[in-house]
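Chemist: Sequence first, predicted model second:
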Amino acid sequence: MSYPSWDYISKIVAIGDSGTGKSSLTIRLCEGRFSPHHDVTIGVEFGSRVIPVGPPNTQPPKPKPSLSREPSVSDLSQGLPEPRRIQPEVVQKYMKLSLWDTAGQETYKSVTRSYFRGASGALLVFDITRRPTFEHVTDWLNDLRQIAEQDIVVVLVGNKSDLAMGDENKREITREEAEDWAKKNHVLEYVETSAKSGEGVEMAFARVAERIYLNIEAGKYDLNDRRSGVKGPGARGVNRGNVKLGAPANGTAGGPCC
C-alpha cells in the first residue's frame, strides 16, 4: 500500500486490558482488514499509517450569522458583482502514526509501561461488552500519566460496538457513562469502534492525530527532542520509514504492519 510522504511522525500507544481488541484496531487501521483469530500480544507489536492532518482535510466551523438589526455590508451590496478574491493555496499536511500495540496482561505490564515513554498520544481501549475492562481504564490512565509526557493526548475507545446491536445486545457500558468518565478524567473524547466492521476506527486515530497536529502548530513540542513523541521534517531521510519514536534502548518490536 502506497502512502504520501509525511510531514510529522508521532508515537501512539494502544493500552487497555487483554482481549479488548487493541491489536485488531491496529490491524484494521494499517491493513484495512479484521483478524478474528489474532494471537495474544506478547510485549509490544508495531505498526504504522500515514493520515492527513489540518486543513484542507479539516475545516474550521463557519461563523454564525449576525443577530444585529443594523444592515450589514453584505445587505447593502446585494445585487452587486462579487469581488474576485485570490484564495491562498493550502498545502495538505500528513502525519505518520507510529503505532505501538501493548500487551494487556499483568504479566507484561513492567515491559509495556516502558513503551509509554515518548508517546504523544494514546488510545485507551475497553470492551463495551465487559464491564471489568471499563473499570480498569482508570488504572491504565494513571499508569500512562505517571510515565508519559504531561500533555499526552488520550482518547477513550469503547471497542466491539458491533456486539451492541440487534436483539442480542451485549452492551454493559452505556455511551453516556463512558462520555462522563472521559470528561471527569480530562480525556479528549470518547469514541466507539468496531474493529470487525471498521466503524469509528479511522475516527479514533484521527482525533488523536488532529489534536497532536494542533499542539505542534501551537509550539507545544520540541520536534528535536525524542522524548516529545513527535518528529518533524528533520527526521526524514532514506530510512524515514524505519523511524520509531520513544523505543526503549533494549526494547524490541515486530516489523511494521503496513
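Modeler: Ah, there it is.

Chemist: Kindly list the longest helix within this structure.
Modeler: Taking DSSP state H as the criterion, the chain has its longest helix at helix 201-217.

Chemist: tell me which residues in that helix are buried?
Modeler: 201, 204-213, 215-216 (16 or more other CB atoms under 10 Å). All C-beta spots, glycine's among them, are computed from the backbone N, C-alpha and C.

Chemist: Need the contact partners of it.
Modeler: Contact with helix 201-217 is made by 8, 10, 12, 25, 28-29, 49, 51, 53-54, 58, 93, 95, 97, 120-123, 151, 153-155, 157, 188-189, 191, 193-195, 221, 223, 230, 232, as judged by CB atoms under 8 Å, 6 or more residues apart in numbering.

Chemist: so where do the strands sit in the protein?
Modeler: 8-15, 44-53, 93-102, 121-127, 153-159, 189-192, 230-231 (DSSP state E).

Chemist: circling back: and the contacts of helix 201-217, which are buried?
Modeler: Among the contacts of helix 201-217, those classed as buried by 16+ other CB under 10 Å are 8, 10, 12, 25, 28-29, 49, 51, 53-54, 93, 95, 97, 120-123, 153-155, 157, 188-189, 191, 193-195, 221, 230.

Chemist: so which of the strands of the chain gets nearest Glu168?
Modeler: Minimum separation from Glu168 across those (CB to CB) falls at strand 121-127, 15.5 Å.

Chemist: List the strands paired with the closest one, with their directions.
Modeler: Sheet pairing here is set by DSSP bridges, and for strand 121-127 it gives strand 8-15 (parallel), strand 153-159 (parallel).

Chemist: Tell me which of those strands sits nearest to Ala103.
Modeler: Nearest of the strands paired with strand 121-127 (CB to CB): strand 8-15, 9.6 Å.

Chemist: Restrict the closest one to CA atoms and write it as PDB.
Modeler: Written as PDB, here are the backbone C-alpha positions of strand 8-15 (Å, rounded to 0.1, in the frame of the first residue of the first chain):
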ATOM      1  CA  TYR A   8       5.400  14.700  11.000                       C
ATOM      2  CA  ILE A   9       5.700  11.400  12.800                       C
ATOM      3  CA  SER A  10       4.100  10.800  16.200                       C
ATOM      4  CA  LYS A  11       4.200   7.800  18.600                       C
ATOM      5  CA  ILE A  12       0.800   6.500  19.600                       C
ATOM      6  CA  VAL A  13       0.300   3.700  22.100                       C
ATOM      7  CA  ALA A  14      -2.800   1.400  22.400                       C
ATOM      8  CA  ILE A  15      -3.400   0.400  26.000                       C
END
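
Chemist: pLDDT averaged over that strand - what is it?
Modeler: For strand 8-15, mean pLDDT rounds to 94.

Chemist: and it, how far out from the chain's middle?
Modeler: What separates the centre of strand 8-15 from the centre of its chain is 7 Å, taken as CA atoms, centre = their mean, to the nearest Å.

Chemist: same deal with stretch 156-167?
Modeler: 19 Å.

Chemist: Give me the contacts around that stretch.
Modeler: The contact list for stretch 156-167, computed with CB under 8 Å, 6+ apart, reads 16, 20-22, 24-25, 123-129, 134, 137, 169-171, 173, 175, 178, 181-182, 187, 189-197, 199-200, 204.

Chemist: switch the cut-off to 6 Å
Modeler: By CB atoms under 6 Å, 6 or more residues apart in numbering, the residues outside stretch 156-167 that reach it are 20-21, 123-125, 127-129, 170-171, 178, 182, 187, 190-194, 196-197, 204.

Chemist: Endpoints of that stretch, how far apart?
Modeler: This stretch, stretch 156-167, spans 26 Å end to end (CA to CA, to the nearest Å).

Chemist: how about Gly229, phi and psi?
Modeler: phi 80, psi 10 (degrees, to the nearest 10).

Chemist: Relative to Pro55, how far out is it?
Modeler: 23 Å (CB to CB, to the nearest Å).

Chemist: These two: which has the busier surroundings?
Modeler: Ranked by neighbour count (other CB atoms under 10 Å), Gly229 and Pro55 place Gly229 first, with 28 against 12.
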